[in-house]
Structures are given as structure tokens and as C-alpha cells.
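Chemist: Can you look at this prediction? I've put the sequence above it.
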Amino acid sequence: MKLPYSIFAISMIAASLALSSGALAQDNKPQSETSASIAATAAPVLGSLKIIDNVVGTGDEAQVGKVAVVHYSGWLYDPNAADLHGKAFDSSVNRGPFSFPLGARRVIQGWDQGVVGMKVGGKRTLIIPSQLAYGERNVGNGLIPPNSDLIFDVELLEVVTPAPRPADEQPNVPVEKIDKKVGKGKEAVAGKKVTVHYTGWLRNPKAKDQHGKEFDSSRKREAFTFTLGAREVIPGWDQGVAGMKEGGKRTLIIPAVMAYGKSGVGNGLIPPNSDLVFDVELLKVK
């Protein structure tokens, strides 16, 4: 579930990423030349992150701890395509730029590694092996199948230095927690690895159970493991799962600001400013 910024760093999904498929051709290079360059750089079987700078920026540099503001488009990696672009699964171009803190694990590892070093105005292609993306997870009900290598075009628009905030500052937006079953095992506390099954819906306040459209479920694949309190998932999860005990079942009603906020995720899968509902079962605490 690292579309949470990916959702899960769409953090997400996150998490929850650059330009359209024509972006490479806009760099004053013939499309065939650019495609050949990318194809020559990529290994037949991806084992590591591949970075291709199409335009080198001249502005501020993206560094760990800074907030990167980008436009992006993402495709499944297709080694048989001339430009290696398979099916498109997400793009910020039609909804607005995407911002994330570099190195905070709010996005997939391939992003945290691949955007570092870019300068404002730069355009970069990232060819990301599955182990640095979503691994064995099935994201968005097949939107990104298990073990998918990905390709992104990323344009760095701005680099922002975040204002310091007190270490003890907590989000002031509560997550509603409804315990359907109180567990009797180990308690989920910050720093522990927790394994859960979950199903997520868009919140529909008019529905009796508040369930709108379902957008993801681990029960269709395998349980999901993350480190509680490490910001590997959306803030609503870090807050909402804390205090559960093994064997417990809990419903989380998460306001948008504690989920994907104004960005949304998954090319409309989770629209901007969406409140979410999750049913979570805590299987293991380690």
C-alpha cells in the first residue's frame, strides 16, 4: 500500500507522477533518436534504476530534505515498444503539479533516488525496476500489476525549502476510528512492522456504511506490511492503525488532508480532495 504516497508513496501511489508521452519529443530531438537513446540505456531485464536526462535544468537542485514540485507521466515499461512506453497509468499534466519531500519515503524508492540531483527546468526519464516501485503488489485493481517495471517522464518545476516545524507537532485533523473487533494480540506502536489486510473505498456520506467506489483491496492478492509511524503510508494510516492489536478489525474514515489531499492519485482512481474509508484487519505485529 505504498500508493500512500506513493497509496500506497503514490506515497503512493503515493505513493501516488511528468509530462505526456510526447514530452521527450519536445526537447528538440527527433522522437526516433530519443527512443533509441532510451532503449540503448535500458537493460533487457531491469536490475537497477536507469536515468536519462533529456533536458538539464539550470535552477535550484533537488536535494534530500527539499520539497520537489514536478509534472510527470507514468507508463508500464514495455521492452518491445520503440520508446519503451507501455500502457499509461497516471499523469499530473491535466490536474496540476505534484509536490513531495525528497527522501521522506512519501513516494516509491525509484522516485526518491531518481529525482535527486535534478535542477529546476530539467526533464528526466526514469526507468524503474519493480523492486524500486510497487514490487509484488497489485496497485489500483490491476492499474499497475504485480512485478511491473515502470517508466516516468519527470519535469522539475520548483524546489522548495520546507519551513521547520516542531518535532512534537502532530496533525490536527483526526481520523475517525471504529473498532469492529478488538484484538487480543500484540499492539501496533510506532516503529513496529505491521501486517494487515485492507479494503479501501471513496467515502460516500450518503451511503449507510459510507462506502463509495472501491479503489483497492489487499484481499485480492496478499497482506500488506509497513513500518508504523515511518511515513511509508498516508498519515491517516499511521494515525489510524496505531493502538490496534493483532486480530483486531477497524474502520478508518480518513479526511482528504490525511490521505492524498489536493493531488489525488492514479489518474482519477482517487480524485483530488477525496475522503476515504478503509476496513483494516491487523494480522501481525513484529
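Modeler: The structure has been received and is ready for your questions.
Chemist: Phi first, then psi, for the spatially closest residue to Val55 that is not a sequence neighbour.
Modeler: Spatial nearest neighbour of Val55, excluding adjacent residues (Cβ to Cβ, 6 or more residues apart in numbering): Lys123 at 4.1 Å. Placement of C-beta: from N, CA and C, glycine included. With angles defined as degrees, to the nearest 10, Lys123 sits at phi -130, psi 130.
Chemist: what separates Lys123 from Asn138, distance-wise?
Modeler: Lys123 sits 30 Å away from Asn138, going by Cβ to Cβ, to the nearest Å.
Chemist: Endpoint to endpoint, stretch 258-273 covers what distance?
Modeler: 10 Å (Cα to Cα, to the nearest Å).
Chemist: Show me how far it is from its chain's centre.
Modeler: Taking the mean of its C-alpha atoms, stretch 258-273 sits 11 Å from the chain's own mean (Cα atoms, centre = their mean, to the nearest Å).
Chemist: any idea of the mean pLDDT in that stretch?
Modeler: Mean per-residue pLDDT for stretch 258-273: 80.
Chemist: List the buried residues for it?
Modeler: Buried residues in stretch 258-273, defined by neighbour count with 16 or more other Cβ atoms under 10 Å: 258-261, 263-267, 269-270.
Chemist: same question, stretch 273-286
Modeler: Neighbour-count burial for stretch 273-286 [16+ other Cβ under 10 Å]: 274-285.
Chemist: So what's the gap between it and the chain middle?
Modeler: Averaging C-alpha positions (Cα atoms, centre = their mean) puts stretch 273-286 16 Å from its chain's average.
Chemist: Relative to Met244, which of the buried residues of stretch 273-286 is nearest.
Modeler: Met244 lies nearest to Leu282 out of the buried residues of stretch 273-286, by Cβ to Cβ, at 4.5 Å.
Chemist: where do the helices sit along the stretch 1-150 of the chain?
Modeler: Using DSSP state H, counting those that start in this stretch, the helices of the stretch 1-150 of the chain run over residues 31-41, 109-115.
Chemist: Comparing those helices, which yields the minimum mean pLDDT?
Modeler: helix 31-41 (a mean of 44).
Chemist: rewinding a little: count the residues that sit near the residue nearest to Val55.
Modeler: 22 (other Cβ atoms under 10 Å).
Chemist: Okay, domains of this protein per the record?
Modeler: The record's domain split for the chain, according to automatic domain parsing, is 1-164, 169-286.
Chemist: what's the least confident stretch among these?
Modeler: Among these, domain 1-164 scores lowest, with a mean of 75.
Chemist: hey, where'd the strands end up in the chain?
Modeler: For the chain, the strands defined by DSSP state E occupy 50-55, 67-77, 85-91, 98-101, 123-128, 150-160, 176-181, 193-203, 211-217, 224-227, 249-254, 276-285.
Chemist: Would you convert those strands into a markdown table that also reports distance to Val115?
Modeler: Output for the strands of the chain, formatted as a markdown table (distance: least, Cβ to Cβ, whole Å):
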| stretch | distance to Val115 |
| --- | --- |
| strand 50-55 | 10 |
| strand 67-77 | 5 |
| strand 85-91 | 16 |
| strand 98-101 | 9 |
| strand 123-128 | 7 |
| strand 150-160 | 6 |
| strand 176-181 | 34 |
| strand 193-203 | 27 |
| strand 211-217 | 25 |
| strand 224-227 | 22 |
| strand 249-254 | 27 |
| strand 276-285 | 26 |
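Chemist: To Glu187, which of those lies closest?
Modeler: Nearest to Glu187 among the strands of the chain is strand 276-285 (6.8 Å), distances taken as Cβ to Cβ.
Chemist: contacting residues around Glu281?
Modeler: 196-198, 248-249 (Cβ atoms under 8 Å, 6 or more residues apart in numbering).
Chemist: By neighbour count, which of those wins?
Modeler: Val196 (25 neighbours).
Chemist: Could you measure from it over to Ala188?
Modeler: 9 Å.
Chemist: Now the common contact residues for those two.
Modeler: Common neighbours of Val196 and Ala188 (Cβ under 8 Å, 6+ apart) are 241, 282.
Chemist: right, so the domains of the chain: which one is the most enclosed?
Modeler: Highest mean neighbour count of the domains of the chain: domain 1-164, a mean of 20 (counted as mean count of other Cβ atoms under 10 Å).
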